[in-house]
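[1] Coordinates for the following, if possible.
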Amino acid sequence: MPKRRRRGRPPAAELEHIAEPLRPLAEPLDAVQPDPKNARVHSPGNLEAIRASLKAYGQRQPVVANSPSGIIEAGNGRWLAAQQLGWEYIAVVWVKDAPGTQTGFSIADNRTAELAEWSQERLGELFEDDPFDGEAGLREALQLDGLFGPPRDGVRTGDGVDVVPIDPNPPPRAWVLVGIPTVRFHEIAETVERLAALEDVIVETALTNEAKEK
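    The predicted model follows:
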């Protein structure tokens, strides 16, 4: 059972990791606890990414917890990462939900984030200047290279490689010829695999002159 809510305001020095507008919501970390029934699994890599983000930017979103149980409805991974960082306080929004509402909100909070998609065109523009410059380890922890796979709409990827959009219903016995320098083949490898998996599609690859020169 989590501890009761704090009485009195903690020292400001202990809240520096929390965005200033959220500091009035600060609670001892053990005033809340992760949901033991949470279906969202946080892998070590996921927690590493959350830790890196919290370390770089601090807490800018509160966790949502049910009162009086202290069970977290949204922000379980954030709480776990904060614990690993050694934080003593975390910003909390308290709600009073029935069990069904608690479960429904938790699932909805996780699922709505999953249903969003990246615009690789806009993402490439954002990366023209490294937004993580000076944040050691954050780029690696966020596994950003995986974002620049073949785009669904055939737009230019962040590394400047043009990818032709895939027709999900190609004509029978369609042939696809792929020509790209071998040193950059990894950038379209996923696209080639997706094409090869389509029924009645034959994929051939060929070295370009640029690859031969290298």
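
[2] what's near enough to touch the most centrally placed residue in the chain?
    For the chain, Leu142 is the residue whose C-alpha lies nearest the centre (CA atoms, centre = their mean; 6.9 Å). By CB atoms under 8 Å, 6 or more residues apart in numbering, the contact set of Leu142 is Ala49, Ala52, Ser53, Phe132. C-betas here are computed from N, CA, C, even on glycine.

[3] rerun at 10 Å
    Contact analysis of Leu142 by CB atoms under 10 Å, 6 or more residues apart in numbering lists Gly45, Glu48, Ala49, Ile50, Ala52, Ser53, Phe132, Glu135.

[4] how does this structure divide up, domain by domain?
    The chain breaks down by automatic domain parsing into domains covering 12-114, 166-214.

[5] How far does the longest one stretch from one end to the other?
    With CA to CA, to the nearest Å as the measure, domain 12-114 spans 35 Å from end to end.

[6] for stretch 69-85, same thing?
    Across stretch 69-85, the straight-line distance between its terminal residues is 24 Å, by CA to CA.

[7] Tell me how far that stretch lies from the chain's centre.
    On the basis of CA atoms, centre = their mean, to the nearest Å, stretch 69-85 sits 16 Å off its chain's mean C-alpha point.

[8] Mind checking what helix or strand follows whichever strand or helix holds Ile90 in sequence?
    Taking DSSP states H and E as the criterion, the element that holds Ile90 is strand 89-95. Following strand 89-95 in sequence order, the next helix or strand is helix 99-114 (DSSP H and E).

[9] following that following helix, which helix or strand comes up?
    Elements were assigned by DSSP H and E; along the chain past helix 99-114, the next helix or strand is helix 120-126.

[10] on that earlier part again, of all the domains of the chain, which one comes closest to Glu121?
    Each of the domains of the chain was checked against Glu121 via CB to CB, and the shortest separation belongs to domain 166-214, namely 15.9 Å.

[11] lowest-confidence helix or strand of this protein?
    The least trusted helix or strand in the chain, going by mean pLDDT, DSSP states H and E, turns out to be helix 209-213, with a mean of 49.

[12] can you map out the strands along the chain?
    Shown for the chain, the strands assigned by DSSP state E span residues 26-28, 63-66, 72-74, 89-95, 174-179, 201-206.

[13] and of those, who's closest to Leu126?
    For the strands of the chain, the distance to Leu126 is smallest for strand 72-74, at 26.1 Å, taking CB to CB.
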